[in-house]
Structures are given as structure tokens and as C-alpha cells.
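Q: sequence-free structure coming up:
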């Protein structure tokens, strides 16, 4: 009789453990309601600009939940004389923007005697 009660308690305990584990595993399926590009904004910093964190609740939630540490950003600074679709007269950049740290593009305002005219090929992603 005691053996049967003990077995029922063990089975019940295991069921609770498995259920609680499956519930906590489901919480990792959370997805942001915003895209990474919505969580950064252009900022006039440095010679060729950069990006800072867009301090919105949905963006902060991504970091608070541990989904990402910030937003990775990459692209190219384009200089006078650049032909569209080529990488001539441009400098690539890659960096990470977090709630506490903006990213300043590492490119000069003038390159090979040519002035910056814009930027392109921008890409953003969630940085872990």
C-alpha cells in the first residue's frame, strides 16, 4: 500500500517537473514586435554621422528580455564620384548600437580628396 502511494507521488512530482520545464521553455519563443532598424536613429556624431538607440518601450523590451544586446548596423559611406552599384569611392562600416552606447561611423568626411555625399547599403540586425 505504501509502495503504491509512493509511486503515485513520484509520478506526480515528475509530471510537475516536466510541465514546469515545458512552460519555461515556451517563454524562449518570444519575438520582438519591432524590427532592429526601428530601434536606432541617425545621429550627427563624428565626421560622417552614426546611430543612437531609439529609446522606445518596444525596443527596450528586446534588451530587457535578453533577446538581443542591441542592434548591429553596417553599410557604406559614399563619396563624390561613386558610381551606383559599385564599391568605388566608398568605405564600409560595421558597428553595434546599444541603449547606453551609440555607434559613430569610422569613416572620414573626405576620402581621396572627395567629400562624403551620403551612405548606402545599410543593413541592421539584432546583435546578441
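A: Okay, I see it. Everything numeric here is computed off the predicted structure, so don't read it as measured data.

Q: going forward, measure contacts between C-alpha atoms and count neighbours the same way
A: Noted.

Q: how far is stretch 58-68 from where the chain is centred?
A: Distance of stretch 58-68 from the chain centroid (CA atoms, centre = their mean, to the nearest Å) equals 9 Å.

Q: Same question for that stretch: list its buried residues.
A: Of the residues in stretch 58-68, 58-60, 62-63, 67-68 count as buried by neighbour count, 16 or more other CA atoms under 10 Å.

Q: Please apply the same query to stretch 39-54.
A: By neighbour count on 16+ other CA under 10 Å, the buried set for stretch 39-54 is 39-40, 48-54.

Q: Low-confidence stretches in the protein?
A: For the chain, the stretches with pLDDT under 70 are 1-28, 83-88.

Q: if we go to 50?
A: Residue ranges of the chain with pLDDT under 50: 6-7, 12, 14-26.

Q: Break down it into its strands, ranges please.
A: For the chain, the strands defined by DSSP state E cover 40-43, 50-53, 70-79, 90-97, 103-104, 110-111, 114-127.
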